[in-house]
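Asker: could you look at this predicted model? Sequence included:
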Amino acid sequence: MTSPNPELAARIPDFRPAFTSDDYSVQVAACQAGVGAMILLKTSHRLKRPGELVELKLELPTSLRAELAIICHKRMADLPKVRTVVDLLKQEFVDLRKTRGASKL
C-alpha cells in the first residue's frame, strides 16, 4: 500500500510526520494522544471504533485504496488457526455487505 504522507503533505502546510508505524495499536494510541493521523473505515461494523478521534476533511485519491489480501504458503492455508482467521474475515464481509444493503433501503 502506498504511504499517505505525500497526500497529507500536499494538503497540510508544513506537514512533517514525527513518526510512522504499521502497528494498529500504536497508530490508535498516537491519534488518541493527538499526535497522529490514520486512515480508518467510515463503514459501521460490529467492532467498536476508537473513540475521541477527530475526522480530517481530506479526500484521498483512489490510489490509496487497496484490496484486503491474506498471504500464506499453500501448505499453511488449511491449518486450523489460519482457516479460522480466513473464515472469520469472510463472514465479517458477508455481514458488512448485508448491513450496508439494508441501510440503503
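Answerer: Perfect, I can see it now.
Asker: give me phi/psi at the residue located most distally from the centre of the chain?
Answerer: The outermost residue of the chain relative to its centre, with distances by CA atoms, centre = their mean, is residue 75 at 27.9 Å. The main-chain torsion angles of residue 75 are listed as degrees, to the nearest 10 and equal phi -70, psi -20.
Asker: so how far is residue 83 from it?
Answerer: Plainly put, residue 75 is 13 Å away from residue 83 if you go by CB to CB, to the nearest Å. Glycine gets a C-beta too; all of them are placed from N, C-alpha and C.
Asker: same check on residue 31?
Answerer: Looking at residue 31 against residue 83, where the rule is CB to CB, the gap reads 33 Å.
Asker: and the two? Which one has more around it.
Answerer: It is residue 31, of residue 31 and residue 83, that has more neighbours when counted by other CB atoms under 10 Å, with 17 against 12.
Asker: residue 39: how many residues sit nearby?
Answerer: For residue 39, the number of neighbouring residues by other CB under 10 Å comes to 12.
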